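In: turn this into a model:
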Amino acid sequence: MADDTPPTLRRGWTTGTCATAATKGALIRLWSGAFPDRVGLVLPRGETPEFALVDEAAGPGWAECGVVKDAGDDPDVTHGATIRARVREAGTGISFRAGDGVGTVTRPGLPVPVGEPAINPVPRAMMAAEVAALSARYGRPGNIEITLSVPGGAALAERTWNPRLGILGGISILGTTGVVRPFSCAAWIASIHRGIDVARAAGLSHVAGATGATSEGAVKALYGLPDHALLDMGDFAGGLLKYLARHPVPQLTIAGGIGKLAKLGQGARDLHSARSQVDFDRLGDLALAAGLADVRRAASALEALTLAGPGLAM
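Out: Numbers count the residues shown, from 1 in each chain. Now for the predicted structure:
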């Protein structure tokens, strides 16, 4: 008999968690003279993962090591990337620098100011907490410069929202809980929110949410919108609309294929085929009311459009 029990998906760790573990390992080497075999952390929600260190190096007044990011069973673009941290005593307090492959913020509207490394507030706080704890343990002042780098990060960033958000030169160091939950929509919706924030900060009066690359290209050509006005909405229309209701932009265009837009028109807010379906009876009523062909027996929204003609989309 086949086992129909759904598999348990393995969780992973955010870039912020990996950066914190690498920072801790490098600090221990800087202040104790030896790298630990493994580094343990306590994450914001109480998880206690341990991490192996790679690419260990040290010199006069500095130490560096990396952690290979494990995204678990989530299809994360940064899975397998090495998140490196180099630490040295410098200045007053804690400062962050963007090394090779970590982006720099160039547009307002993001959680960190323009000109700063793209290291979000929670990872910064996690690293600062480790600096404080270790400086107390070793009796050293906590004046530390942390430089994060990700080999190949600039190429990885081209597959993310970063160029559109004005984060240049590499990936962002992200995370709020420290944990990557497989196939969670939270990260995608958070990216939509940041895109809206950047558009508002730039004073844009018109943004467009698109379900995919084809619809994005069409709406960009139709309205001549700049890249930072284009929101990669995917199937998450609800996440886009809910955030815009609280943080409005004067004009919104939603672009997508006939099937996804039909579901949106019927009230669906998650447009994924597994979570919403086209109501062909309702679509047929609308078509007949407009004097178009009956499309109730159509096998797809595209077939309905073919049967009824362009008037169905008006």
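In: element containing Gly284?
Out: helix 280-289 (DSSP states H and E).
In: over to Phe96?
Out: Phe96 belongs to strand 94-98, assigned by DSSP H and E.
In: now swap in Thr253 and tell me
Out: strand 251-255.
In: residues in contact with that strand: which ones?
Out: 205-211, 215-216, 218-219, 223, 233, 237, 240, 244, 261, 264 (CB atoms under 8 Å, 6 or more residues apart in numbering). Placement of C-beta: from N, CA and C, glycine included.
In: can you flag the buried ones in the residues you listed?
Out: For the contacts of strand 251-255, a burial check counting by 16 or more other CB atoms under 10 Å picks out 207-211, 215-216, 219, 233, 237, 240, 244, 261, 264.
In: all helices for the protein, in order.
Out: Assigned by DSSP state H, the chain shows helices spanning 15-32, 121-138, 153-157, 162-165, 186-201, 213-223, 237-246, 258-265, 280-289, 301-308.
In: quick one, which of those is packed in tightest?
Out: helix 15-32 (a mean of 26; mean count of other CB atoms under 10 Å).
In: care to break this protein down by domain?
Out: Structural domains assigned to the chain are 12-180, 186-277, following automatic domain parsing.
In: among those domains, which comes closest to Ala298?
Out: domain 186-277 (10.6 Å; CB to CB).
In: for that closest one, what is the average pLDDT?
Out: Domain 186-277 comes out with an average pLDDT of 93.
In: show the end-to-end separation of it, please.
Out: End-to-end distance for domain 186-277: 22 Å, by CA to CA, to the nearest Å.
In: list the buried residues for the strand holding Phe96?
Out: Using 16+ other CB under 10 Å as the test for burial, strand 94-98 gives 94, 96-98.
In: could you dump those to TSV with distance to Gly72 and pLDDT?
Out: Converted to TSV, those look like this (distance: CB to CB, whole Å; pLDDT from 0 to 100):
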residue	distance to Gly72	pLDDT
Ile94	29	98
Phe96	26	98
Arg97	29	98
Ala98	26	98
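In: output the helices of the chain as JSON lines; include the columns distance to Gly103.
Out: Putting those into JSON lines (distance: least, CB to CB, whole Å) gives the following:
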{"stretch": "helix 15-32", "distance to Gly103": "11"}
{"stretch": "helix 121-138", "distance to Gly103": "13"}
{"stretch": "helix 153-157", "distance to Gly103": "6"}
{"stretch": "helix 162-165", "distance to Gly103": "5"}
{"stretch": "helix 186-201", "distance to Gly103": "13"}
{"stretch": "helix 213-223", "distance to Gly103": "22"}
{"stretch": "helix 237-246", "distance to Gly103": "23"}
{"stretch": "helix 258-265", "distance to Gly103": "31"}
{"stretch": "helix 280-289", "distance to Gly103": "44"}
{"stretch": "helix 301-308", "distance to Gly103": "39"}
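In: closest one to Gly175 among those helices?
Out: Nearest of the helices of the chain (CB to CB): helix 15-32, 3.3 Å.
In: helices or strands up against the closest one?
Out: Secondary-structure packing of helix 15-32 (3 or more CB pairs under 8 Å, 6 or more residues apart in numbering; DSSP states H and E): strand 38-40, strand 50-52, strand 54-59, strand 62-68, strand 82-89, helix 121-138, strand 144-149.
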